[in-house]
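J.: Structure for this input, please:
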Amino acid sequence: MSPGYLALMAFFAMSGYQISDSWERDPSWWRFSARRLLRILPPLLVVVLCTVFVIGPLCTMLTVPGYFSHPQTWDYLVGTSSLFFLQHALPGVFAGNPYPWSVNGSLWTLPMEFVGYVVVLLVGVLVAAGSSRLILFVLLAGLVLLDSHSRATFGYHGDAGSLFEIPVGSLVAFLVPFVLGMVMHTFRRNIPLRPWLACTLLGVWLAAHWTPLDRYLLAVMASYGAIVLAHHWPRRWEVDGRLVYGSYGMYIWAFPVQQLIILAGVDNQWWLMAMAVPAAYLCGVVSWCLVEEPTQRLRRHLKGRSVFDQPTVRFTPVAAPRAERRSFRPTAG
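T.: Next up is the predicted model:
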């Protein structure tokens, strides 16, 4: 089990929790959809355009006319901008790097995240129409059953094929913690968030790591642990939310930033990390200031009812400790 796989499990659980909270505060299908599109698409379109029209011509091993006349260039532009038809390579770009198969390997999780948004919307509409909230457990059981057959991992997408360009095995594997996050939000008044219980789950998972229960305990442990950590984050370690507004931009820019640094001749992993982290963070901040914040302001035109219940956790990776029923104000979402 790689740290990256564990981090993605935790991320999808947090996302399921937070997006469920967003729906609960304003259960309007069209406003919910508009908010999600405004969150995901504008920064994605900017990074795709910059990759195709700036990074590509500068870094390709082809001539510039050859690069722009190659069909793969336009397949990448159209497919990746559409989210569900992601393309990974541009002709001759980063071809000499250790990982030449993708110019932006971070984007592969975005379609799966968007499918999670659709799941929240569908479940929300069904519950609003009279279905029991217990439908979440039926959905979770179905996903676990599918996951037991595909058994996708961080480096293996399983043998279930693809939906458009989305590997179905990985989609199911990450929807399991996403729906667990939905369950923890929906039944948050019945599920205690205790650090000692999170530590116990960690111990149980470590003890069962080499058994068939490993992948299921991992999903439960990562999901519960991430949400408990967010609720009990020490106040003295709390970071000003303005410092992490660019987390999405940092995520989608980090991979091409690393590819560019490697192309410049940096092959030591520690130097790469020391240079890539601040550079990607700066890209995230610029993305927030020039793209995300302006488009997020468009949400004020989505007229709806007022917020009646504050969310229970922030959108940012950190959160202050809470009293038994204290709630938090979102920084985004």
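
J.: now stretch 258-276: how far from the chain's centre is it?
T.: Offset of stretch 258-276 from its chain centre (C-alpha atoms, centre = their mean, to the nearest Å): 24 Å.

J.: List the contacts of it.
T.: By C-beta atoms under 8 Å, 6 or more residues apart in numbering, the surrounding residues in contact with stretch 258-276 are 55, 59, 94, 96-99, 103, 254, 257, 279-280. To be clear about C-beta, it is placed using only N, CA and C from the backbone, and glycine gets the same treatment.

J.: go with 6 Å
T.: Outside stretch 258-276, the residues within contact range by C-beta atoms under 6 Å, 6 or more residues apart in numbering are 94, 97, 257.

J.: Show me which residues of that stretch are buried.
T.: For stretch 258-276, the neighbour count (16 or more other C-beta atoms under 10 Å) marks 258-263, 266, 275-276 as buried.

J.: returning to what we had before: out of the contacts of stretch 258-276, the closest to Leu49 would be?
T.: Val257 (16.1 Å; C-beta to C-beta).

J.: next helix or strand past the helix or strand hosting that closest one?
T.: Assessed by DSSP states H and E, Val257 sits inside helix 247-263. Later in the chain than helix 247-263, the nearest helix or strand by DSSP H and E is helix 269-287.

J.: what's the angle from that following helix to helix 247-263?
T.: Counting by axes from the mean of the first three to the mean of the last three C-alpha atoms, to 10 degrees, helix 269-287 lies at 140 degrees to helix 247-263.

J.: before we move on, the earlier item: can you add pLDDT and give the buried residues of stretch 258-276 back as JSON lines?
T.: JSON lines is the format used below for those (pLDDT from 0 to 100):
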{"residue": "Gln258", "pLDDT": "97"}
{"residue": "Gln259", "pLDDT": "97"}
{"residue": "Leu260", "pLDDT": "97"}
{"residue": "Ile261", "pLDDT": "97"}
{"residue": "Ile262", "pLDDT": "96"}
{"residue": "Leu263", "pLDDT": "96"}
{"residue": "Val266", "pLDDT": "94"}
{"residue": "Met275", "pLDDT": "96"}
{"residue": "Ala276", "pLDDT": "96"}
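
J.: show me where this structure has helices.
T.: 3-25, 29-50, 56-59, 64-69, 71-81, 110-128, 135-150, 168-186, 195-207, 214-231, 247-263, 269-287, 293-296 (DSSP state H).
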